[in-house]
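[1] only geometry, no sequence info:
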């Protein structure tokens, strides 16, 4: 599950209300499907607790292995930095949680990176009310996906070789 957050007026990076809604829905989904693990991914722009760590703090349960990937800054990095964690554990199928407005970028990135390494991907859309800012962010970020994917694929190739 990719995180989302931003700097508060106090200069501290915090996860958004959308991330909290995703975490709550992930807890409900885990109760229904009983996955082997949950992976939370996301960084901190202020050097404090990462989005992934904050999502872990908000994790409602149930009891399942939860991994934290605290360095990913982009959707492409969410995919490339969580993929090795899944491969190391022999995971062959993943469900990525996201909001409707984020789905296009999530699908582009995770389909390309995960499927190429033999992991099937499904998407669980969490219905949250998108803000105008969220739409603007997605429109601005979409043209950056090819460059971010190139960087993510190069990083992934180095990680999986070494």
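    In hand now; what should we look at? Here the structure is a predicted model, which is why all the values come from computation and not from measurement.

[2] what about stretch 1-10, distance to the chain center?
    13 Å (CA atoms, centre = their mean, to the nearest Å).

[3] What residues of stretch 146-158 count as buried?
    Neighbour counts over stretch 146-158 (16 or more other CB atoms under 10 Å) mark 148, 149, 152, 153, 156 as buried. C-beta here means a position set from N, CA and C on the backbone, and glycine is covered the same way.

[4] residue ranges of the helices in the chain, please?
    Secondary structure of the chain (DSSP state H): helices located at 17-33, 51-58, 75-88, 103-116, 132-141, 145-161.

[5] Other residues contacting stretch 38-46?
    The contact list for stretch 38-46 (CB atoms under 8 Å, 6 or more residues apart in numbering) reads 1-7, 11-13, 15, 19, 23, 26, 30, 50-53, 55-56, 59, 64-73, 77-78, 81-82, 85-86.

[6] Just the buried subset of these, please.
    1-5, 13, 15, 19, 23, 26, 30, 50-53, 55-56, 59, 66, 68-70, 72, 77-78, 81-82, 86.

[7] which two from the buried residues of stretch 146-158 end up farthest apart in space?
    148 and 156 (12.1 Å; CB to CB).

[8] Could you tell me the angle between the helix or strand of the chain with the lowest mean pLDDT and helix 145-161?
    Lowest by mean pLDDT, DSSP states H and E among the helices and strands of the chain is helix 132-141, with a mean of 88. Going by axes from the mean of the first three to the mean of the last three CA atoms, to 10 degrees, helix 132-141 is angled at 70 degrees with respect to helix 145-161.
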